[in-house]
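Q: Here's a sequence, model it:
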Amino acid sequence: MAVHQRPLGSGRTGDRPAKKRPLTVRVAIWSALHPWRALAGWLAFVVLCLGVGISMGTHNATAQDYRVGEAGRAENLADEGHLGRAPVEQVLISARSGPLDEAAADAAVRDITARMGKLPEVARVAPPLRSADGRSLRVEVTMKGAEADGKDHVAPLAAQTAAAQRGHPSLRVEETGSPSISFGLDTQRDDDLALAEAITLPVTLLTLLAVFGSALMVGVPLLLALTSIAAAIGLSKVVSHVLPDAGVGTNVILLIGMAVGVDYTLFYLKREREERARSGGRLAPEALVELAAATSGRAIAVSGFAVIVSTATLYLATDVVFSSLATSTIIVVLAAVLSSLTALPALLVKIAQRTERRAARRQQRTGRARRTKTSQDRTAGTGRIWSALLRPAGKHPAATLCVSVLLLLGLAAPALGMQLRVLNEDSHSREIPAMQSYDRLTTAFPDLRVEHQIVVRATAAQAAEVASSLRRLSARTNADPLFTKGAAPHLRTSQDQRTTTLELSVPHKVSSPEAIASLDRLRTDYLPATVGTVAGAEFAVTGDVAHDTDYLAHQDAKLPVVIGALLLLTFLLTTLVFRSVVIGLLGVALNLLSVAASFGLVVIFFQHGLASTLFGFDTAATNAIGSRVPLFLFVILFGLSMDYQVFVVSRIREAALNGVPTRQAVLHGIGASAKVVTSAAAVMVTVFASYMFLHLAEMKQIGFSLAVAVLLDAVVIRALILPSALTLLGRASWWPSRAVGRAQGATSKTSPGVG
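A: This is a model prediction of the structure:
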């Protein structure tokens, strides 16, 4: 029968004042003593977050939030003159095979024009234009409102196009454009999230079942992870009214929330199981929770804080997407930490009390206690696989360290050739109907692939001079093979005569070298020689190519700031937690190794096309790396690596402080945490790998990189490199802290045989 050694929460032991417990322990003690209140409080918090979040809704980022560089400046100038780009849809009418039936096509044009003209969302419908080969007609439909808002109002237009298609079955009548493509991407993203959940939950369930062997215990980490995600989704909606959501918040919350939520719960459960096995049933559930909170509870708090601090460096990128990624990650990690420190102790106490009552009733019926194989028995020990993995580091640390580091450096080498690209229409999934229509449209009308918009602001008296300079610019581009030939200049001037715009088309794909070269020639040659001669005129270029180019330049400029801050904060945090400069430097170095290796693998799989061969991914989406992928991964992987770093090194330091020599402390600490690290890594890899099967190219790359990095970190870093390095460093691992040295020195004096 379990007994307390002393009352929980007691402030004194004997006549000496007890050392004040850490906050994590005090919270756990309260939850253990008041389990129903703690559980009710956590559920109320989740419901409150969801309720408030749903009632407030999500404030999405606007077009202004995405603007950077010269392209952003051009868009601001256009908006000031009320000449901003409107949402435009194109209705393509073509023959399904053979030549176009002129009479049927004319009837379809009249039908579409009449239908679209009646819609309140439509500003105007342009006359039809015929393709160069004569096999297609297109009708341009300009919507009301801002371009970024077009996707929210495109559904009625799509419905009318579908009705026209039914009325003219002999023709292909289809619609595409930025609004319908954005709407299709959002729909596909929602379907992808449902698919990821369908894959992740059952595999996570099976993994946890293999670890605990108990359906009841499996439900604990899943329940806490899912409620943490629910609370984070509600909170993210509230926070979006201060920091706008770029449309990636829910993806990140689901991706990170399931991983860290299960991880933190496993860390806590592992320690509680160990303390239960060590006590041999002599401690009550409340006392076991207190012991677990004093060790793993602290590690969870530190790990969560490390992820939050590292992720917060994304704000330094001053980019709405990265800010949205950071906000979502921080919120879900906070929720996961809170649930682990409050609801988890209460759940463990109630489960343990239930188990004890069942054991007592069984003893009364049979007259003897029956001991069953429990989850702590199943998780005890290092295990044969981990014993084999740790053997090289224990016997040959120098050779193991060299070989392992060289292996990761070899995997990292391809990252030196990484090519970044803003993923756009060229890389979107062709399963989206609007993208299939887009391909047919741009094949028939190649001048619609790329459009540069030049925006000029000058005084009203200079309006004629500005218009003349823009016509000269148009004439120059007409003679340039990089631009569409024979296009008449399309000038627009604001009512106050101060702002003028010119659109120039380019018959090349957005990401093509020709399109990028046309922008460079426009900015460095044609514009200075024409518009640049107008005294005092302010001018800039925007458009898809300009936006992508300026975004990459903006990101490259911020990259050193973010990475520098991340490395410094990671080093300082690790040093403060373990009171060791050496551990701080080692943590940064190991994180860099695992991140670099994962970058190398993502280049091999996605940039060089191995993912297409192995997984059948669309080659168009795999010949470059999404521009946001490396920075996001660098920051997130540093944070997630801290989970294992804090948990494993905490166990090693704990053993060292108990006087165990460093070599034995390393093997003991890693061995004691081996199974929970394996289980946590298995869950993380499963969650992240499920995102490889989504359609969005960036999510494929992020999921793959995270899965690979966690796998490398859990196996190569924690089982080979970390123990080898710490074994070779010995007591120097803890410099300049003297606590370990004193503890081991005292043990050596009292136990001369310990070496």
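Q: Kindly confirm my reading that Thr142 forms part of a strand.
A: Yes: with DSSP: H, G, I helix; E, B strand; the rest coil as the criterion, Thr142 is part of a strand.
Q: in what helix or strand does the most centrally placed residue in the chain lie?
A: Nearest to the geometric centre of the chain sits Val252, at 4.7 Å (Cα atoms, centre = their mean). According to DSSP states H and E, Val252 maps onto helix 249-279.
Q: buried stuff in that helix?
A: Counting neighbours by 16 or more other Cβ atoms under 10 Å, one finds that the buried residues in helix 249-279 are 249-276, 279. Heads up, the C-betas are built off the backbone N, CA and C, glycines and all.
Q: Check stretch 460-479 too.
A: Neighbour-count burial for stretch 460-479 [16+ other Cβ under 10 Å]: Gln462, Ala463, Glu465, Val466, Ala467, Ser469, Leu470, Leu473, Ser474, Arg476, Thr477.
Q: Tell me where this structure is predicted with low confidence.
A: Along the chain, the model assigns pLDDT under 70 to residues 1-19, 211-214, 281, 359-360, 363, 367-383, 613-622, 741, 744-755.
Q: re the thing from before, would you agree the residue nearest to the centre of the chain is in contact with Ile331?
A: No: with contact defined as Cβ atoms under 8 Å, Val252 does not count as touching Ile331 (9.4 Å).
Q: I'd like the distance between Phe483 and Ala467.
A: Note on Phe483: its distance to Ala467, by Cβ to Cβ, to the nearest Å, is 19 Å.
Q: One more: Ala743?
A: 82 Å.
Q: swap in Ser580?
A: Going from Ser580 to Ala467 by Cβ to Cβ gives 69 Å.
Q: okay, now Val141: neighbour count?
A: Val141: 29 surrounding residues under other Cβ atoms under 10 Å.
Q: Next up, the contacts around it.
A: Val141 is in contact with Val88, Glu89, Gln90, Val91, Met116, Val122, Arg124, Val125, Ala126, Leu157, Gly177, counting by Cβ atoms under 8 Å, 6 or more residues apart in numbering.
Q: again, only this time at 7 Å
A: Glu89, Val91, Met116, Val122, Val125, Leu157 (Cβ atoms under 7 Å, 6 or more residues apart in numbering).
Q: care to break this protein down by domain?
A: What automatic domain parsing lists as the domains of the chain is 23-56+214-367, 87-180, 386-417+549-744, 433-542.
Q: and of these, who's closest to Leu205?
A: If you check each of the domains of the chain against Leu205 by Cβ to Cβ, domain 23-56+214-367 wins as the nearest, at 6.2 Å.
Q: follow-up on the earlier one: please name whichever of the domains of the chain is nearest to Ala63.
A: domain 87-180 (3.9 Å).
Q: Quick check: phi and psi at Pro127.
A: Backbone geometry at Pro127, expressed as degrees, to the nearest 10, gives phi -60, psi 160.
Q: how close does it sit to Ala488?
A: Computed with Cβ to Cβ, the distance linking Pro127 and Ala488 is 15 Å.
Q: ok, now Val122?
A: Val122 is 25 Å from Ala488, by Cβ to Cβ.
Q: more crowded one of the two?
A: Val122 (19 against 8).
Q: Bridging across strands, which residues link to the more buried one?
A: Under DSSP bridges, the beta-bridge partners of Val122 are Met143.
Q: so which helix or strand takes in the closest residue to Gly69 other than its chain neighbours?
A: Once flanking residues are discounted, Gly69 sits nearest to Asp550: 2.9 Å by Cβ to Cβ, 6 or more residues apart in numbering. According to DSSP H and E, Asp550 maps onto helix 544-578.
Q: what's the following helix or strand after that helix?
A: Next in line after helix 544-578, if elements are assigned by DSSP H and E, sits helix 581-602.
Q: Let me know the angle separating that following helix from helix 544-578.
A: 150 degrees (axes from the mean of the first three to the mean of the last three Cα atoms, to 10 degrees).
Q: what's around Pro507, how many residues?
A: The number of residues near Pro507, taken as other Cβ under 10 Å, comes to 21.
Q: Next, give phi and psi for it.
A: Taking degrees, to the nearest 10 as the convention, Pro507 sits at phi -90, psi 40.
Q: Surely it is in contact with Asp447?
A: Yes: the pair Pro507 and Asp447 passes the contact test of Cβ atoms under 7 Å, sitting 5.4 Å apart.
Q: what do these two both touch?
A: Joint contacts of Pro507 and Asp447 (Cβ under 7 Å, 6+ apart) are Thr484.
Q: Please report phi then psi for the spatially closest residue to Thr533 that is not a sequence neighbour.
A: Leaving aside its sequence neighbours, Thr533 sits nearest to Ser469 (Cβ to Cβ, 6+ apart; 6.5 Å). As for Ser469, its main-chain torsions (degrees, to the nearest 10) stand at phi -70, psi -30.
Q: where does Ser469 sit relative to Gln497, distance-wise?
A: Applying Cβ to Cβ to Ser469 and Gln497 gives a distance of 15 Å.
Q: One more: Tyr551?
A: 32 Å.
Q: give me the element Ser340 is part of.
A: Going by DSSP H and E, Ser340 is part of helix 320-366.
Q: now that helix against helix 544-578, angle please.
A: Orientation check (the same axes, to 10 degrees): helix 320-366 against helix 544-578 gives 50 degrees.
Q: ok and helix 320-366 relative to helix 249-279, angle-wise?
A: Going by the same axes, to 10 degrees, helix 320-366 makes 30 degrees with helix 249-279.
Q: returning to what we had before: so how far is Leu573 from the residue nearest to the centre of the chain?
A: 22 Å.
Q: Which stretches in the protein count as strands?
A: With DSSP state E, the ranges of strands along the chain come out as 12-13, 16-17, 88-95, 122-125, 129-130, 136-143, 171-177, 420-421, 450-457, 490-493, 499-506, 538-542, 625-626.
Q: Run through the residues that contact Leu50.
A: So Leu50 contacts Ala230, Gly234 (Cβ under 7 Å, 6+ apart).
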